[in-house]
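Student: How does the following fold in three dimensions:
(2 chains)
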Amino acid sequence: MNKNYIYWGIGIIVVLLLIFIVPKYFTGNAIASSTISGDIAKIEVYHFHATRQCVTCKTVGSNAEATVNTYFANELKSGKLVFAHINIDLSENKAIVEKYGATGSSLMIGVYGKDGSFLKQEDTNVWYKIDKAESMSYLKEVIEQKFLGN
Amino acid sequence: MGLMAFMQSMGTNNFPLIAAFFIGLLTALSPCPLATNITAIAYISKKIDSGKKTLLTGLVYTLGRMFTYVLLASLIVYIGVNVQAISLFLQKYGERIIGPLLIIIGLIMLNIIKLPSLKSSDKINKIKEKLSEKGYLGAFLLGVIFALAFCPFSAVLFFGMLIPLALKFSDGILIPSVFALATGLPVIIFAFILTFSVSKIGKVMGKVQAFEKWMRYAIAFVFVIIGIYYTWKIWI
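Tutor: Numbering: from 1, shown residues only, chains lettered A, B, ... in the order given. Model prediction:
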């Protein structure tokens, strides 16, 4: 008897949760992916990491570095593109870690508009692309699109 | 389609519960949760003579993980606690505590460290005994603590992928629950296999008790070894 009540209780809670939460998945909440209006002044690509890195974390960082060096050498030179590995454990990086809201290892892209606007975005897709060539062609496309203001 | 491409397409599925499940699967296979799950499997294998209990213990362990993930997600989604602060804190301390903790649990199981007997009333002791005998409370606590041990990669999956999903749909309950279920899936599956295979062998041999003693030592060693692995990785 006692156990039956527990099962019923759990069942009712689950059903209630489903009724109240699942509809949210279909309605609204579609935050329009905001973009910078107007011309792009500068783009920052930052690989955030802790002092102790996982294998994949290092791969994501080195792939990103290879991408900007291979395809965006001119932009790097002119300062239109900035790339850096940033150790979140170092106090000197505190300001930039907070600015980007990095929660740990992450690849962040920040876009500055000429009107002074700023838009930051974490790219989590890179975690699925461990193959170097695949990762580089993906990231190249992402950065190119950012420069076009998309 | 490669495995990672498949995981990506599922992990970014438009229906958030499917996405959460696959992000959870990826988490279950990443180094830290894999190590904690192996430890949990060792723990739940303790009482292999009681088939149904083994399976239940695996489920309770997963419930423990769920408790932690739901709590974290709810703090962030409903109360608005800073994601960055929680994430960086847990990555800094969660992992550091778990290594030494596992070593201590292992040494207690091996009777190398003896727990001082607490002078509490008999009633409390009896309740304690009952709970630890069944192993459910232990399994639940193990799940709660293990889920708190974030390594760099599992933190990416939880704080970088799952939490944004929970925030987007302002759901701090179902999404992390499904995620937790997937992270505990290897343990549930193993418990299931154990229930229907090893328990029979043990019974046929009629040497359950002797077997259990050996299992106890083996489990204790698993705890100590995985504890050393964590400690070595982080402190040295």
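
Student: Point out where chain A drops to low pLDDT.
Tutor: For chain A, the stretches flagged by pLDDT under 70 are A:1-2, A:28-35.

Student: what about 50?
Tutor: Within chain A, not a single segment meets pLDDT under 50.

Student: spatially speaking, which residue is in the middle of it?
Tutor: Residue closest to the average C-alpha location in chain A (Cα atoms, centre = their mean): residue A:122, at 1.3 Å.

Student: wait, that residue sits on residue A:105?
Tutor: No - using Cβ atoms under 8 Å, residue A:122 and residue A:105 do not qualify as a contacting pair, with a distance of 10.6 Å. Bear in mind the C-beta positions are built from the backbone N, C-alpha and C, glycine included.

Student: Overlap in contacts, these two.
Tutor: By Cβ atoms under 8 Å, 6 or more residues apart in numbering or on different chains, residue A:122 and residue A:105 have these common neighbours: residue B:160.

Student: For residue B:169, which residues are in contact?
Tutor: In this structure, residue B:169 makes contact with A:21, A:24-25, A:29, B:16, B:175, judged by Cβ under 8 Å, 6+ apart.

Student: host element of residue 141?
Tutor: All of this is about chain A. Assigned by DSSP states H and E, residue A:141 falls within helix A:132-147.

Student: not quite, I wanted chain B
Tutor: Short version, using DSSP H and E: residue B:141 is in helix B:136-148.

Student: In the helix holding residue A:141, which residues are buried?
Tutor: Residues of helix A:132-147 classed as buried by neighbour count (16 or more other Cβ atoms under 10 Å in any protein chain shown): A:135-136, A:138-139, A:142-143, A:146.

Student: What of stretch B:157-175?
Tutor: Residues of stretch B:157-175 classed as buried by neighbour count (16+ other Cβ under 10 Å): B:157-163, B:165-169, B:171-175.

Student: Chain A: helices as residue ranges?
Tutor: For chain A, helices defined by DSSP state H occupy the ranges A:2-26, A:55-71, A:73-78, A:94-100, A:132-147.

Student: Kindly apply the preceding question to chain B instead.
Tutor: B:3-11, B:16-29, B:31-44, B:51-77, B:83-109, B:122-134, B:136-148, B:152-155, B:163-168, B:174-196, B:198-205, B:208-235.

Student: Test my guess that residue A:44 contacts residue A:110.
Tutor: Yes - look at residue A:44 against residue A:110 with Cβ under 8 Å: they come within range, at 4.1 Å.

Student: shared neighbours of these two, anything?
Tutor: Common contact partners of residue A:44 and residue A:110 (Cβ under 8 Å, 6+ apart): none.

Student: Quick one, grab the pLDDT at the residue nearest the centre of chain B.
Tutor: By Cα atoms, centre = their mean, chain B has its centre lying nearest to residue B:143, at 3.7 Å. Looking at residue B:143, its pLDDT is 92.

Student: Which residues of chain B lie near chain A?
Tutor: Chain B comes close to chain A at residues B:4-5, B:7-8, B:11-12, B:15-17, B:31, B:83-84, B:87-88, B:91, B:150-153, B:155-157, B:159-161, B:163-164, B:168-171, B:173-174, B:233-234, as judged by Cβ under 8 Å from any Cβ of the partner chain.

Student: For chain A, list the residues in contact with chain B, please.
Tutor: A:17-18, A:21-22, A:24-25, A:29, A:31, A:49-50, A:52-54, A:56-57, A:88, A:97-98, A:101-106, A:122, A:124-125, A:127-130.

Student: Thanks a lot, catch you later.
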